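In: Okay, here's the prediction I keep looking at, along with the sequence it came from:
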Amino acid sequence: MNFKEIAKRGETGRLMDSNDFLMKRVAASALKLQKQYEIKWEKGTLVNQDDDLADRVWTAGRELLISTGIFSMNSNRVIEFTAEEIDFALRFTPDRVFMGQGKERKAVYHRTVEDPRKPFIFAGPFNADTHENMFVKLNEAFAQEKIIDSLLFPGYLKELDGQIIRPQSGLATRAAVLYGQFAREAIQRAGRPGMPITGHAVMASGEIACSNEEWGLRSTDPRAMVLISELQVDDVTMTRLAYYQAVGCPIYMAFTPLIGGYGGGPARTAIVAVASFIASVVLGGEIVHIGPQHIKYKQQTNEHSLFLGGLADQAVARNSKIIVTTSHTTSGRPGSAQYAREFSALALTVVTGGSNITGPRPAEPLGFNNVSPLMARLLAEVAHAAAGMTRAEVAPIVEKLYETYKNKLSLDNAPVGQPFEELYNLKTLTPTPEHQALYDELKDEFIQMGIPLG
Amino acid sequence: MQDKEQIIAAMQASIRDYDEVAAEASARQAVEAGLDLMETVEKGFAVPIRELGEAFDRMDIFLPELMLAADAMAKGMEVLDRAVLAAGGEVKNKGVVVLGTVAGDIHDIGKTVVGAMLQANGYDVHDLGVEVPDTQFIEAARSHNADIIAMSALLSTTMLHQRNVIELLSNKGERDNYFIIVGGAPVTPAWSGEIGADGSARDAFGAVKLLDSHREAWKR
């Protein structure tokens, strides 16, 4: 649907209280549809292998969006869609999107369940708080990993010139300009000047400030925006959408359904997730990112999130052309073995479910620069290995991995890990011997478990 | 007229059934029957709401159910509070909380969950909504005679407003009037300490535990 029509409905749709939208439309409708389509989670199931369940979740999710619409939080109006409009958007959403330039131009595509083709890898600092003097170095370290297809969210500059940045201030705009400049410098230093940078500047005005074909984010770089849970947009979201459409960049649209929230448990939240996938393409999203949140764990590798992620991805992969990517947010932090075990469990689940890869990142970073490009490489390798495996093959491996960390999901108990400057030699931008050894040990462990890593 | 056990059972059922109308009606019956209102609140409303809070913690029920139960209890409490005030008494609650998401931040759910859990656990919660200007936290805390200010921020940029509110209170000489807690995805205990908050919680359960365990620090 074109932007003008969406904007118009956002100003003229049914006036409603936000709480009524969430309780009476989203929560009540999702509950009704869950009962109608008998959508349940069997405790203990981590990887869904029931195609009929995935199809029922798709049907319920599509009906949910028809009954709810999307809530515009600033105008308090509901942007509603007919079934025909939704199906039209689904029919014409692209099944592949190109990004990047020159030798680095590549496509992310719609994947099917148990698709043998390798997933696209979005990896990078993933919005980590980043020191100014470390920004280029750690992004370069990600960009030099050839297995990473697009640099992801190059990092937040919270401080600049020794000063904490206040949102919407002049300093924030200067930070956004540097965000674009530093990211470009990093990919050039890595010898990949055409590498796509999936960007998300902090504020909507920052998106404009960081855009420049010469030195900043280009029209060939995907740009991200986030729907607000559940099925809501605000003026910032719509501002980003209007700008991205004008620039002509690939639109990377994310949503974060909350398990334990208005959608209830994992099965019902899967319905909300499918509705959000469809809402994203109706709004104009071309690459759709699911990042399930959890009311208790705040990360994405617990049993509920594993099941939800796999099920929702399968529902979309089987019934649409939507290009899906799934976020990998863990309790364990970079530098710990648990970090890798968690993201590997999720990667096996969602790659066989038809998703591409976004991540990894810790749910609660400890301070600045809490990233590891080497662990991003390992995630990508596990994801590539999962391509072509069946859900039946990955399920027991996911269970084994989950057993290793299920009692350390609490962010209080999860390993603290180390920052980039302790995991890498900053002169050579290579992992320290200890970090390299951790990678080697984990790789051996995963091969022993049955993941076909080369 | 129903006896005490029947009325209390009806009050409990109204919470477990998330039924505002029944909660109001059963509370009215309690008043009309002349029951001890403190005991009635504890047995009729507090017991089932605590059970539901525990069920929410185990994820046997979810946010909509918790909010409906808290709403039902609030309806019943309105009736009981009116009766207490009419009799010249004083309305009791654990503490008065002013809650909101800070300026520039429109994220609502985390803050709403905290509000519902606090309400379910006996706190008088005044939810200021999202994008709350720094000064509005202070004005609301004054006007509601609050014990606690709770600020949520989901973005590492907007969390600066948590610091601003505390700094503003300090500059006005009012910092010690309130117990201040902060939360949200980017908020850590280190940040809480750095900005001079009294504590932080990762989730709604943590917020309740934090306030309950520091009652001596904020109860005036």
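Out: That came in fine, so what should we check first? Numbering: from 1, shown residues only, chains lettered A, B, ... in the order given.
In: Run through the chain and note the low-pLDDT ranges.
Out: Picked chain A for this. Scanning chain A for pLDDT under 70 picks out no residues.
In: that's the wrong chain, I meant chain B
Out: If you take pLDDT under 70 as the line, chain B has these spans: B:1, B:220.
In: wait, residue A:288 sits on residue A:280?
Out: Yes: using C-beta atoms under 8 Å, residue A:288 makes contact with residue A:280 at a distance of 4.5 Å. For the C-beta atoms, the positions are set from N, CA and C on the backbone; glycine is no exception.
In: which residues do the two both contact?
Out: A:253, A:255, A:322 (C-beta atoms under 8 Å, 6 or more residues apart in numbering or on different chains).
In: does the first one have beta-bridge partners, and which?
Out: With DSSP bridges applied, the residues forming beta bridges to residue A:253 are residue A:225, residue A:288.
In: Provide a list of residues in contact with it.
Out: Residues in contact with residue A:253, defined by C-beta under 8 Å, 6+ apart, are A:224-227, A:280, A:283-289.
In: So which of the residues you listed wins on neighbours?
Out: The most crowded member of these, judged by other C-beta atoms under 10 Å in any protein chain shown, is residue A:287 (30 neighbours).
In: which ones are touching it?
Out: Contact partners of residue A:287, counting by C-beta under 8 Å, 6+ apart, are A:97, A:108, A:222, A:250-253, A:323, A:325, A:356.
In: Would you quantify the distance from it to residue A:204?
Out: Remark: distance between residue A:287 and residue A:204 (C-beta to C-beta, to the nearest Å) = 19 Å.
In: Residue A:158 now?
Out: 18 Å.
In: Helix, strand, or coil at whichever residue of the stretch 351-454 of chain A sits closest to chain B?
Out: The stretch 351-454 of chain A approaches chain B most closely through residue A:411 (6.2 Å), counting by C-beta to the nearest C-beta. Using DSSP: H, G, I helix; E, B strand; the rest coil as the criterion, the local structure at residue A:411 reads coil.
In: longest helix of the chain?
Out: You didn't pick a chain, so chain A it is. Criterion DSSP state H: the longest helix present in chain A is helix A:170-189.
In: meant chain B, my bad for not saying
Out: helix B:63-86.
In: Next secondary structure element downstream of that helix?
Out: strand B:96-101 (DSSP states H and E).
In: counting contacts, what elements does that next one pack onto?
Out: helix B:109-120, strand B:124-127, helix B:134-143, strand B:148-152 (3 or more C-beta pairs under 8 Å, 6 or more residues apart in numbering or on different chains; DSSP states H and E).
In: For the stretch 101-250 of chain A, which segments count as helices?
Out: Applying DSSP state H, counting those that start in this stretch to the stretch 101-250 of chain A gives helices spanning A:135-143, A:170-189, A:204-209, A:235-247.
In: Go through those and pick out the most buried.
Out: Highest mean neighbour count among the helices of the stretch 101-250 of chain A (mean count of other C-beta atoms under 10 Å in any protein chain shown): helix A:135-143, with a mean of 25.
In: can you list contacts of it?
Out: Around helix A:135-143, the neighbours that count as contacts under C-beta under 8 Å, 6+ apart are A:123-125, A:130, A:148, A:151-152, A:154-155, A:157, A:178, A:182-183, A:185-187, A:189-190, A:192, A:195, A:369, A:371, A:373, A:376, A:420, A:424, A:426, A:429.
In: Could you restrict the residues you listed to the ones contacting chain B?
Out: Among those, no residue is within reach of chain B (C-beta under 8 Å from any C-beta of the partner chain).
In: Perfect, that will be all.
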